[in-house]
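A.B. asks: Here is my input; please provide its structure:
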Amino acid sequence: MRLKSLSPVIVLSALLAWVPVPAAHGQDAAWTRTREPVVVAGDALAAFDGAPLDDLFVYAYRAGTWEQIPFQFDEVDATGTYTVENGLLDANDELVFMALDLGTQAVPWVWIPDTASHANPRYQIAVSDPLDAGQHGWVYVYRSADLAPTFIGDYVDWDAVAHRLVGTTYVVGFDPAVHPGIETLELNGAAVDLLDRSKIRIGATCIFLPVKLTEEDLVGMAAMDPDIDGPVRVGGGDLDGSSWAYHSFFQLRGAFDLDDLQPDLCPSLTIDSIRLSIDWLDQRRPAWPPPGITTPTSRPA
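C.D. replies: Residues are numbered from 1 along each chain as shown. Have a look, this model is predicted:
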């Protein structure tokens, strides 16, 4: 997601790591942190290298039944940038699914009822929680030209018209015409905005004169067009710095060019400090500004 701003970085929990877990066949998946994503690098699926992404599918095995789970393959080009490349799996690409969709371990001879997939190998991916090695689960990656997506709905969406990220447990709104930060935040289905405002405060010096800049000086640097919009996550960037929104949390990283902040009449601008903060609305108090005040002048900075 190309966030040309200093948007807040919000991480609700750590990412899972996928590792082989020795366990008896058919052992139940046990999860406490079910809202975590699992990200598998393409080079871990070497037997499918060069395969059409449309032929790859992820299934979970539960109570003797196979179920296709929401998943996506995100392509990464040679420069490390998330993009729409060639539709073929390579080592840079990433498979993503959610921990809440993990299943149990199937015995080696039990496969999905799809004949075409039997002509190819399958991958068993065992996932463990790095905070509790006793919690683990499995999914299986199949290759078949006869399969099609069967899961319905996305865990997160990007509403380009309203400039909103819509997850399962949150809605984050942006107003790029006003400022580059988060404009609104709703949680758990309650259509109530919890944010007063997100703030950026930059202290600078022009030659010897102090200069103060706010988020309003960064208007025009808030492009919110995700590179990737899939059923499991929305976002993009590159392998060194990416922004993603998932089922129940989002992580936004932004940047802006300091040269763009230099006033026309200032030959040399020195940045002294940068502060990001969020003001939360107190639902017990009336909205700001109070009635009768149209241009607040005493609101805290």
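
A.B. asks: hey, let's count contacts and neighbours off CA atoms from now on
C.D. replies: Will do.

A.B. asks: who touches the closest residue to residue 143 other than its chain neighbours in this structure?
C.D. replies: Leaving out its chain neighbours, the residue that sits closest to residue 143 by C-alpha to C-alpha, 6 or more residues apart in numbering is residue 56, at 4.6 Å. Neighbouring residues of residue 56 by C-alpha atoms under 8 Å, 6 or more residues apart in numbering: 141, 142, 143, 144.

A.B. asks: quick one: average confidence on stretch 216-229?
C.D. replies: For stretch 216-229, mean pLDDT is 73.

A.B. asks: let me redo that: stretch 167-174
C.D. replies: Mean pLDDT, computed over stretch 167-174, is 92.

A.B. asks: what distance separates that stretch from the centre of its chain?
C.D. replies: 12 Å (C-alpha atoms, centre = their mean, to the nearest Å).

A.B. asks: Dump the C-alpha coordinates for it into CSV.
C.D. replies: C-alpha atoms of stretch 167-174 as CSV (Å, rounded to 0.1, in the frame of the first residue of the first chain):
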residue,chain,number,x,y,z
GLY,A,167,-11.9,-5.7,8.1
THR,A,168,-14.0,-8.2,10.0
THR,A,169,-13.6,-6.4,13.3
TYR,A,170,-12.8,-2.8,12.2
VAL,A,171,-13.3,-0.1,9.7
VAL,A,172,-10.5,2.4,9.1
GLY,A,173,-11.3,5.6,7.1
PHE,A,174,-9.0,8.1,5.4
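
A.B. asks: Wait, a strand at residue 150?
C.D. replies: No: counting by DSSP: H, G, I helix; E, B strand; the rest coil, residue 150 falls outside a strand, being coil.

A.B. asks: what about residue 104, distance to residue 63?
C.D. replies: Going from residue 104 to residue 63 by C-alpha to C-alpha, to the nearest Å gives 8 Å.

A.B. asks: So between those two, which is more surrounded?
C.D. replies: residue 104 (22 against 10; other C-alpha atoms under 10 Å).

A.B. asks: so the more buried one touches residue 59, yeah?
C.D. replies: No: with contact defined as C-alpha atoms under 8 Å, residue 104 does not reach residue 59; the gap is 10.6 Å.

A.B. asks: Spit out the residues that contact those two alike.
C.D. replies: Joint contacts of residue 104 and residue 59 (C-alpha under 8 Å, 6+ apart) are residue 139.

A.B. asks: burial count for the nearest residue to residue 210 once chain neighbours are set aside?
C.D. replies: For residue 210, ignoring the flanking residues on the chain, the nearest one in space by C-alpha to C-alpha, 6+ apart is residue 204 at 5.9 Å. The local packing of residue 204 (other C-alpha under 10 Å) involves 20 other residues.

A.B. asks: Which strand or helix spans residue 204?
C.D. replies: strand 195-206 (DSSP states H and E).

A.B. asks: State the paired neighbours of that strand in the sheet, together with their directions.
C.D. replies: For strand 195-206, the pairing partners within the sheet under DSSP bridges are strand 209-214 (antiparallel), strand 269-280 (antiparallel).

A.B. asks: what residues does the shortest one touch?
C.D. replies: Taking contacts as C-alpha under 8 Å, 6+ apart, the residues outside strand 209-214 that touch it are 199, 200, 201, 202, 203, 204, 205.

A.B. asks: Local confidence estimate at the third one?
C.D. replies: Looking at residue 201, its pLDDT reads 88.

A.B. asks: For beta bridges, what are the partners of it?
C.D. replies: residue 214, residue 275.

A.B. asks: That one reaches residue 271, doesn't it?
C.D. replies: No: Residue 201 is beyond contact range of residue 271, at 11.0 Å (criterion: C-alpha under 8 Å).

A.B. asks: related to what we said a few turns ago, so how far is the strand holding residue 204 from its chain's centroid?
C.D. replies: 25 Å.

A.B. asks: Distance-wise, check residue 178 relative to residue 121.
C.D. replies: Separation of residue 178 from residue 121 (C-alpha to C-alpha): 52 Å.

A.B. asks: So for those two, which sits in the more crowded spot?
C.D. replies: Between residue 178 and residue 121, counted using other C-alpha under 10 Å, residue 178 has the larger neighbour count: 15 against 12.

A.B. asks: Doesn't the more buried one belong to a helix?
C.D. replies: No: the assignment for residue 178, made by three-state DSSP, is coil rather than a helix.

A.B. asks: do you know how far it is from residue 146?
C.D. replies: 49 Å.

A.B. asks: picking up where we left off before, tell me which residues touch the residue nearest to residue 210, please.
C.D. replies: 210, 211, 212, 213, 269, 270, 271, 272, 273.
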